[in-house]
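Novice: Okay, predicted coordinates and the sequence, questions at the end:
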Amino acid sequence: MTFNPNADIGGGKTSKRGRNTGIAVGGGLGVIALVIISQLLGVDVTGLLGGGGGQPAAEDSALEECQTGQDANERVDCRMKGAAASLEDYWVDAAPTIGVAYASPQGFVLFTDAVATGCGNASSATGPFYCPPDQTLYVDTSFFDQLESQFGASGGPLAEMYVVAHEWGHHIQNLAGVLERAQDGQTGPTSNSVRTELQADCFAGSWAAAASQTTDERGVPFLQPITREQYAQAIDAAAAVGDDRIQEATQGQVSPHSFTHGSSEQRVRWFETGYQGGAQSCDTFSIDGSQL
């Protein structure tokens, strides 16, 4: 997805955190929100996350050099800042339509290798995630390369922004109390864990459909309309992080009973549902499991 070169992205609430040494955690799964969200939903991830204290503080850069849509088109960190500005504008209006009183995330942090968060210490192996206790999104942008190299996604700017929009969707769920209510420790194709992730995909699709209508303070649209190629790249990214694709790539077999995020087909379908029907179409919790 292409930014309008003269759009003002300076208001995007994004920062870049310097390397925070002394953190070393494992995981190696590299799927969106897997460790943090699994922890919230009661899945045992003992040993993957360390405690939140005792680490040296890292300085944040406000990415002051990222000011225009042209900057966002040229640099991935600026693109993240531009995506944040667009998502903020979208959800200010969209959240009330689904009964959510909107409040901005406390932060959106780009990090390298490892980071200390309100959910504990995390590494790049965790993948992008949203941490409810500090209401902050965390992304190591090297994950976008991993999407292509390890999981076979075609990449592209909209595919990258889909990842951010998905995590922003978790913030909306946190505001709505969904994340707390979904904590039952269950897994499987119709579990609350999967319903949570599919709803976040749907929210990402609803933003994508409206993204070219989000505007800066001067009324300039942040983004140009999505092309067919860009839409296909976003769909491809959603499919790449399906539980079945990831399990096949990392374990050599698919175990539906352990699904926490949904199959590739489900993730694509719910992104498309949001794209076509808006945020109001994203109720994944009241429907029968056969409809997921």
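Specialist: Right, received. Where do you want to start?
Novice: residue ranges of the strands in the chain, please?
Specialist: According to DSSP state E, the chain carries its strands in the segments 15-17, 60-61, 107-110, 114-117, 120-123, 129-131, 136-139.
Novice: buried ones in the helix ranked longest in the chain?
Specialist: Scanning the chain for the helix with the most residues, using DSSP state H, yields helix 76-97. The neighbour-count check on helix 76-97 (16 or more other C-beta atoms under 10 Å) flags 76-91, 94-95 as buried. Where you see a C-beta, it was placed from the backbone N, CA and C, and this is true even at glycine.
Novice: same question, stretch 206-214
Specialist: Within stretch 206-214, the residues that qualify as buried are 206, 207, 208, 209, 210, 211, 212, 214, counting by 16+ other C-beta under 10 Å.
Novice: Which pair of those residues spans the longest distance?
Specialist: With distance counted by C-beta to C-beta, no two of the buried residues of stretch 206-214 lie farther apart than 206 and 212, which are 13.3 Å apart.
Novice: Burial check on the closest residue to residue 117 other than its chain neighbours, number of neighbours?
Specialist: Counting by C-beta to C-beta, 6 or more residues apart in numbering, residue 131 is the residue found nearest to residue 117 once chain neighbours are left out, at 4.7 Å. Residue neighbour count, defined by other C-beta atoms under 10 Å, stands at 29 for residue 131.
Novice: Quickly note the distance from residue 131 to residue 103.
Specialist: Distance of residue 131 to residue 103, given as C-beta to C-beta, to the nearest Å: 15 Å.
Novice: Same check on residue 74?
Specialist: Per C-beta to C-beta, residue 74 is found 31 Å from residue 103.
Novice: do residue 67 as well
Specialist: Taking C-beta to C-beta as the criterion, residue 67 is separated from residue 103 by 25 Å.
Novice: the more surrounded of the two?
Specialist: A side-by-side neighbour count of residue 67 and residue 103, using other C-beta under 10 Å, places residue 67 first with 18 against 13.
Novice: quick one: the longest helix of the chain to chain centroid distance?
Specialist: Helix 76-97 has its average C-alpha position 12 Å from the chain's average C-alpha position, going by C-alpha atoms, centre = their mean, to the nearest Å.
Novice: want to throw the buried residues of stretch 206-214 into JSON lines with pLDDT and distance to residue 229?
Specialist: As requested, these are arranged in JSON lines below (pLDDT from 0 to 100; distance: C-beta to C-beta, whole Å):
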{"residue": "206", "pLDDT": "98", "distance to residue 229": "21"}
{"residue": "207", "pLDDT": "98", "distance to residue 229": "19"}
{"residue": "208", "pLDDT": "98", "distance to residue 229": "14"}
{"residue": "209", "pLDDT": "98", "distance to residue 229": "16"}
{"residue": "210", "pLDDT": "98", "distance to residue 229": "19"}
{"residue": "211", "pLDDT": "98", "distance to residue 229": "15"}
{"residue": "212", "pLDDT": "98", "distance to residue 229": "15"}
{"residue": "214", "pLDDT": "98", "distance to residue 229": "21"}
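Novice: and stretch 184-193, average pLDDT?
Specialist: Per-residue pLDDT values across stretch 184-193 average out to 95.
Novice: Only the buried residues of it, if you could.
Specialist: Those would be 187, 188, 189, 190, 191, 192, 193, for stretch 184-193 by 16+ other C-beta under 10 Å.
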